[in-house]
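# Based on what follows, work out the 3D shape:
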Amino acid sequence: MGLVDKESVQKGELLLDELGLEPEDRKVVIPARKTAEETEENKKGHDGIYCGAAIELKDGTIITGKNSELMHAASSLVMNAIKTLTKIPDNMHLLSPDIIKSIGSLKKDVLKRKAVSLDLEETMIALSISATTNPSAQAAMEKLKDLKGCEMHMTHIPTPGDEIGLKNLGVNNLTININDRQELFKTLGKAGIPQSKQLRATQIIDKLDKKDKQDVIKELAKAVDKYEAQSTFRLLDKQTKPNQSLAQIVKYAVKLGVPEDQLIYVPYLARGLDYYTGLIVEALIPDYKVGSVLGGGRFDNLIGQLSGDKVSLEAVGYSIGIDRTVEALDTLDLLPKQPSSAKILVTIFDKNLVKNSVALAAVLRDNGISTDLYPSLDVKLDKQLKYADKKSIPFVAIIGDNEAKAKTVTVKNMKTGDQKTASLDKLLPLLRS
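Alright, predicted model coming up:
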């Protein structure tokens, strides 16, 4: 278990080397390895197997887990993580010993399994049963959703039960869609679409992630004809397995450590650019619905075209959508919390009072107070306050109609909720303190 041929390992090491990366660049790798080593030193594993696992919570805290006679390392890790999130003491049991014993007896005596320790899927079931009578288990179970999107590492290949559990929790969650452009062209040809129109057809099919299927078929029917458009989708609907070339690529990817269930064959995947000649890929984050965060594929002729046919070189390349990736991280609340250096956020009450807010920000800065001015118009005040809270800006300044008329400013303390309205010269000492 966990062994691959030497060539696959060398390919993986070469790829990391070319990218200037080390496995240890992931914060969870070293803690997981250290936990496995300590488990072996203390002889606390199970049947001579010593496994370690580590997860990085959203606040940067690293939690570890190890295997034992009772649980797999992934199970121990998740239990430790939700205990930490719920602030439950380490010595408090979330799972009833009777439940663990009952499941162990079922696996050993009825199912005739050699290993009775609980994998992650079994542990989650046991936790849900305990939650019916144990309020602490119920509170901890509600924290499972906070593990979604967290980065995790294990020193061993997870068992099927661990893998299913981790996937359901959304840990290390990513989907990689794959297809073969040549196979797609063959399907278009079988549907009767002439070669001269096949590239245009792929560009239309590529819109499936943004438009309804029937709308795409209608658009395709305008580029070719109605029968060819309908025939194309009938043929694509029947394609359920990748061709031999793609299947081989999947095997190599799995040997290099990519979970097989994250590689999804999508016969409709087209990638609209014209230079792809074989494999095409798109990576998606399931809980981020805007679209793919990475795309690419194989191109046999592109380098030759760009070099004026001086160089003939086949290649595989991809690009990462930085904007989408950052937006996905923000949407899933995975960006590290970076407190702003600003002492105060000046809000914009409405368009008519923008000049007042800009003038206030300038005066505050002239007085040596680090100041942020809200960057958008027509945003409700409560959203601006949430922005300040998210940025950990301690004070917010508000100039509404009443303040503008009275030539005053309302300053709110974001930590206590207290607010004070006064002239700026009286508020400056408060902000300087």
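# Where does pLDDT dip in the chain?
Across the chain, the ranges flagged by pLDDT under 70 are 1-23, 25, 172, 256-257, 334-340.
# care to break it down by domain?
6-169, 175-331, 344-432 (automatic domain parsing).
# And the helices in the stretch 251-400 of the chain?
Taking DSSP state H, counting those that start in this stretch as the test, the helices found in the stretch 251-400 of the chain are 302-306, 322-331, 354-366, 381-390.
# Any idea which of these gets closest to residue 64?
For those, proximity to residue 64 was assessed by CB to CB; helix 322-331 is nearest, at 23.9 Å. In short, each C-beta sits where N, CA and C put it, glycine included.
# Quick one: closest of the helices of the stretch 251-400 of the chain to residue 146.
helix 322-331 (15.2 Å).
# buried stuff in that closest one?
Neighbour counts over helix 322-331 (16 or more other CB atoms under 10 Å) mark 324, 328-329, 331 as buried.
# ok, now stretch 69-84?
Residues of stretch 69-84 classed as buried by neighbour count (16+ other CB under 10 Å): 70-84.
# Among the residues you listed, which are located in strands?
Using DSSP state E, no member of the buried residues of stretch 69-84 falls within strands.
# which one of these sits closest to residue 162?
For the buried residues of stretch 69-84, the minimum distance to residue 162 (CB to CB) is 4.2 Å, reached by residue 74.
# measure the closest one to residue 115 for me?
To residue 115, residue 74 is 14 Å away according to CB to CB, to the nearest Å.
# Who does residue 62 form a beta bridge with?
As for beta bridges, residue 62 partners with residue 56 under DSSP bridges.
# can you pull the contacts of residue 138?
Counting by CB atoms under 8 Å, 6 or more residues apart in numbering, residue 138 makes contact with 131-132.
# hang on, the earlier thing: can I get the buried residues of helix 322-331 in JSON lines with distance to residue 380?
Listed next are the buried residues of helix 322-331 as JSON lines, based on distance: CB to CB, whole Å:
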{"residue": "324", "distance to residue 380": "26"}
{"residue": "328", "distance to residue 380": "25"}
{"residue": "329", "distance to residue 380": "25"}
{"residue": "331", "distance to residue 380": "20"}
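# where along the stretch 201-350 of the chain do the strands fall?
For the stretch 201-350 of the chain, applying DSSP state E, counting those that start in this stretch gives strands covering 263-265, 279-284, 294-299, 315-320, 344-346.
# Could you single out the most deeply buried of these?
For these, the largest average neighbour count (mean count of other CB atoms under 10 Å) is found in strand 344-346, namely a mean of 26.
# so what strands line up beside that one?
strand 371-373 (parallel), strand 395-398 (parallel).
# ok, and what's touching the shortest one?
Residues from elsewhere that reach strand 371-373, judged by CB under 8 Å, 6+ apart: 340, 342-346, 348, 357-358, 361, 364-365, 388, 391, 393.
# if we go to 10 Å?
Around strand 371-373, the neighbours that count as contacts under CB atoms under 10 Å, 6 or more residues apart in numbering are 340-348, 354, 357-358, 360-365, 387-388, 391, 393, 395-397, 431.
# Work out the gap between that strand and the centre of the chain.
Strand 371-373 sits 31 Å away from the centroid of its parent chain (CA atoms, centre = their mean, to the nearest Å).
# right, and the helices of the stretch 251-400 of the chain - which one's nearest residue 57?
Shortest separation from residue 57 across the helices of the stretch 251-400 of the chain is recorded for helix 322-331, at 14.9 Å, computed as CB to CB.
# you'd agree residue 165 is up against residue 79?
No - with contact defined as CB atoms under 10 Å, residue 165 does not reach residue 79; the gap is 11.5 Å.
# overlap in contacts of those two?
Counting by CB under 10 Å, 6+ apart, the residues touching both residue 165 and residue 79 are 120, 123-124.
# which one of the helices of the stretch 251-400 of the chain lies closest to residue 422?
helix 354-366 (13.2 Å).
# tell me what the closest one is packed against?
strand 344-346, strand 371-373, strand 395-398, helix 401-406, strand 409-413, helix 424-432 (3 or more CB pairs under 10 Å, 6 or more residues apart in numbering; DSSP states H and E).
# Give the buried residues for the helix or strand just after the fifth one.
In other words, strand 409-413. Per DSSP states H and E, strand 409-413 leads on to strand 419-422 as the next helix or strand towards the C-terminus. Within strand 419-422, the residues that count as buried by 16+ other CB under 10 Å are residue 421.
# returning to that earlier point: pull out the buried residues from the shared contacts of residue 165 and residue 79.
Neighbour counting with 16+ other CB under 10 Å marks 120, 123-124 as buried within the shared contacts of residue 165 and residue 79.
# got a list of what residue 320 touches?
By CB under 10 Å, 6+ apart, the contact list for residue 320 reads 283, 292-296.
# Widest-spaced pair of those residues?
Maximum pairwise distance in the contacts of residue 320, criterion CB to CB, is 11.7 Å, between 293 and 296.
# which residues are contacting the helix or strand hosting residue 30?
Element membership for residue 30 (DSSP H and E) is helix 29-41. Defining contact as CB under 10 Å, 6+ apart, one finds that helix 29-41 is touched by 22-24, 26, 44-46, 48-56, 62-68, 73, 76-77, 151-156.
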